[in-house]
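Engineer: Quick one, fold the following:
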Amino acid sequence: MNASKQTDARQMRRVVVASLIGATIEWYDFFLYGVVAGIVFNKLYFPGGDPLVSTMLAYGTFAVGFLSRPLGGVIFGHFGDKLGRKSMLVMTLTIMGIATMLIGLVPTYAQIGLWAPVLLLVLRVLQGIGLGGEWGGAVLMAFEFAPKEKRGYYASLPQVGLALGLCLASGVVAVLSYTLTTAQFLAWGWRVAFFLSVALVAIGMYIRLNVMETPEFSKIKKAGAEIKMPIAEVLVRSPGNVLAGMGARFIDGVFFNIFGVFSIAYLTQTLKLSQTEALTGVMAAAFVMIFTIPFFGKLSDRIGRTRIYFWGSLATGLSSFAGFWLMRASGGNVMLVWLSIVIPLGVIYASIYGPEAALFAELFDANVRYTGISFVYQFSGIFASGLSPIIATYLLQKNGGEPWMICIYVLCAGLISALSAAWIGRRKRRQNVWQGAGVTEH
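Structural biologist: Got it, this is the predicted structure:
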């Protein structure tokens, strides 16, 4: 290997590590809120006589984070397409770290009354803004540095940050739940998990400050080809790609938040498992995803992203029936409950989340790509991700504690995403034919 290739390989590794660690921290911070929403916040910040109402209110503030993510995506996408990817990623990490630490300091409802849920709400909005700008920049750093034939694989590596972040969030809370009494955990133990974010952010910041800007954006900057209003360009020039991308994202948001967030409250409140047992199941699924996400990202480079995404969407939607059936049939057997989460979430779900970043990045030109993928991912998250735990809680109550209406909801999301992926694939094939014939699409 000559010196130039060694330098490129070293820079690629540095970019991947920076994107992965930063994404892990951001997802840890964001998911930590979701993990404790149904087991802590519903008791300390939304007290009431009806546990269902308290839980739904707690998940309501969880959903607010998804409402603010599109704002973060548009803001940081705009400046990421005009000023660069790297500088925006430093800012998003700072915002998320400060907001998470402050959540750990918010007094309870018993101490300051209504100000407690209000402060939680404000800080959750800041978390959403931070993550809204983070995801697009992190995957683009890897995608735009990678060789074109390996972009699915490299763009999937920052996606592993979701698995690592969830694994850390559920793992830390599980350890605290196991080592502390319930009273200690509710009094102060859960706050420790939020304070840990400060150390993680310091590490991530050091690594991110030592990477270069992506080659594609550097070319745009050098040529003066920045777009004045990237969001307007995306919505006016590529409305079909935006809608298709949002449709493809639907199963991702719905399924992950049913099995990664809602399932914790379902297992503890309906099936009466302990918090530690429920959290360990989610943590195990997240650990498996560390390996399955890059596997499917690499597979998408070989046999096509839309093909993997189409079949993955259908399989993911259907797997919810098997997962909830096994939970119900487990008879309290913890190993079976863990299996009911690990296989659908840890393995099958990875078939969509692995190729997703590259699939979305290829929908947009480089000079609007940060804005385009951020808008698609974050705006669709309002409906697909943020509302899913609330919808699932309502459907469970409406169906007398039976989860089958939830499964139908997940399957519908899978069908929408599969059709969207098929449309993207057909459009790609048509563009390839036009380009081969020397025709440019306008």
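Engineer: packing partners for the helix or strand containing Gly312?
Structural biologist: According to DSSP states H and E, Gly312 maps onto helix 305-329. Judged by 3 or more CB pairs under 8 Å, 6 or more residues apart in numbering; DSSP states H and E, helix 305-329 is in contact with helix 239-257, helix 275-303, helix 334-341, helix 350-361, helix 404-436. (Each C-beta comes from the backbone N, C-alpha and C, glycine too.)
Engineer: let's go with 6 Å and repeat that
Structural biologist: Contact here means 3 or more CB pairs under 6 Å, 6 or more residues apart in numbering; DSSP states H and E; on that basis helix 305-329 packs against helix 239-257, helix 334-341, helix 350-361, helix 404-436.
Engineer: Adding mean pLDDT and distance to Ile207, write those helices out as TSV.
Structural biologist: Shown next, in TSV, are the helices and strands packed on helix 305-329 (pLDDT from 0 to 100; distance: least, CB to CB, whole Å):
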stretch	mean pLDDT	distance to Ile207
helix 239-257	94	26
helix 334-341	93	31
helix 350-361	95	20
helix 404-436	87	33
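Engineer: Of all these, which one is nearest Leu180?
Structural biologist: helix 334-341 (20.4 Å; CB to CB).
Engineer: May I have that closest one exported as PDB, CA atoms only?
Structural biologist: C-alpha atoms of helix 334-341 as PDB (Å, rounded to 0.1, in the frame of the first residue of the first chain):
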ATOM      1  CA  VAL A 334     -37.200 -14.600  30.900                       C
ATOM      2  CA  MET A 335     -35.100 -16.300  28.200                       C
ATOM      3  CA  LEU A 336     -38.100 -16.600  25.900                       C
ATOM      4  CA  VAL A 337     -39.000 -13.000  26.600                       C
ATOM      5  CA  TRP A 338     -35.500 -11.900  25.700                       C
ATOM      6  CA  LEU A 339     -35.600 -14.000  22.500                       C
ATOM      7  CA  SER A 340     -38.900 -12.300  21.600                       C
ATOM      8  CA  ILE A 341     -37.100  -9.000  21.500                       C
END
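Engineer: which parts of it are buried?
Structural biologist: Neighbour counts using 16 or more other CB atoms under 10 Å place 334, 337-341 of helix 334-341 among the buried residues.
Engineer: number of nearby residues for the residue nearest to Ser156 when sequence neighbours are not counted?
Structural biologist: Nearest non-adjacent residue to Ser156, counting by CB to CB, 6 or more residues apart in numbering: Gly297, 2.5 Å away. A count of nearby residues for Gly297, using other CB atoms under 10 Å, gives 28.
Engineer: The one 5 residues further on too?
Structural biologist: Counted with other CB under 10 Å, the neighbours of Arg302 add up to 10.
Engineer: So the residue nearest to Ser274 when sequence neighbours are not counted: helix, strand or coil?
Structural biologist: Take Ser274 and drop its neighbours on the chain: the residue closest to it by CB to CB, 6+ apart is Thr268, 7.1 Å away. With DSSP: H, G, I helix; E, B strand; the rest coil as the basis, the three-state label of Thr268 is helix.
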